[in-house]
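>>> Structure for the following, please:
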Amino acid sequence: MIDFGIFEILNITDEIKTQIINGESSIEIRKEAIKEGYKPLVVDGIRKVIQGYTTIEELNKKLLFI
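Numbers count the residues shown, from 1 in each chain. Okay, here's the model as predicted:
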């Protein structure tokens, strides 16, 4: 079995920084991040399933701990 990780990275752009400073909701910040190319953790996990590194069942088990 190969060990691998699943990741998500949020780049704090000027727009997102402004939203955080202004106290906007996490939903609004997430919407902006997605618009700017952010990919949620589950997207990287599904990509690993498609590439054959793991199964959807294993991914499901790991994501339940998050």
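
>>> gap between the most centrally placed residue in the chain and residue 21?
Taking C-alpha atoms, centre = their mean, the centroid of the chain lies closest to residue 40, which sits 2.0 Å from it. Distance, residue 40 to residue 21, using C-beta to C-beta, to the nearest Å: 23 Å. Glycine gets a C-beta too; all of them are placed from N, C-alpha and C.

>>> follow-up on the earlier one: distance of the closest residue to the residue nearest to the centre of the chain other than its chain neighbours relative to residue 23?
Distance criterion C-beta to C-beta, 6 or more residues apart in numbering; nearest residue to residue 40, sequence neighbours excluded, is residue 8 at 5.7 Å. Residue 8 is 23 Å from residue 23, where distance means C-beta to C-beta.

>>> between those two, which one's more packed in?
The neighbour comparison of residue 8 against residue 23 (other C-beta atoms under 10 Å) goes to residue 8, with 14 against 6.

>>> Now do the same contact list for that one.
By C-beta atoms under 8 Å, 6 or more residues apart in numbering, the contact set of residue 8 is 38, 39, 40, 41, 43, 44.
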